[in-house]
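# Provide a 3D model corresponding to the input given below.
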Amino acid sequence: MRQEPAPLTRHLRVRQERGHTVLEFRGEIDLAAATEIAPHLDRETDRPAARVVIDLSGIDFFDCSGLRLLYRARSRVLDRRGYVLLVCAHPLTLRVLRITGLSRLLPPQPTLDAALEQPEATSRP
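Got it, this is the predicted structure:
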């Protein structure tokens, strides 16, 4: 039986899956949640050649603070020659990603399995 790690915060769980670091965002991702998540996100995106998946499957709400977290994670990982993949199927969040253009930088995948099957080049500049 696989045991899930305890959440780092109320809004973030970090785990390893198939050689990737999976950052699971949960609940309402607003300014308060982003402030809570940011130090953990920075730690996980600070490694050279990191392979990161940000999973938004467990979110209920996502505002511009969440967008900043995604962009920050992508920038930090790419600066260190890694890559970032995104999981998102929530219609309103997908709309925000499209409107802001972030979906072009981080093409969302509908499931974690779909993201983990993507080639590394997906999130390269």
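
# dump the residue contacts of Leu67.
Leu67 makes contacts with 96-97, 100, 102, as judged by CB atoms under 8 Å, 6 or more residues apart in numbering. Yep, even glycine has a C-beta here, placed from its N, CA and C like the rest.

# Select only the buried ones of those residues in PyMOL?
Buried residues among the contacts of Leu67 (16 or more other CB atoms under 10 Å), as a PyMOL selection:
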select buried, resi 96+97+102
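
# Closest one of the contacts of Leu67 to Asp113?
Leu97 (19.8 Å; CB to CB).

# Give the helix, strand or coil label for the residue nearest the centre of the chain.
The residue lying closest to the centre of the chain (CA atoms, centre = their mean) is Ile54, at 1.9 Å. Using DSSP: H, G, I helix; E, B strand; the rest coil, the structure places Ile54 in strand.

# quick one on the thing from earlier: in JSON lines: the contacts of Leu67, plus secondary structure.
Listed next are these as JSON lines, based on three-state DSSP:
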{"residue": "Val96", "secondary structure": "helix"}
{"residue": "Leu97", "secondary structure": "helix"}
{"residue": "Thr100", "secondary structure": "helix"}
{"residue": "Leu102", "secondary structure": "helix"}
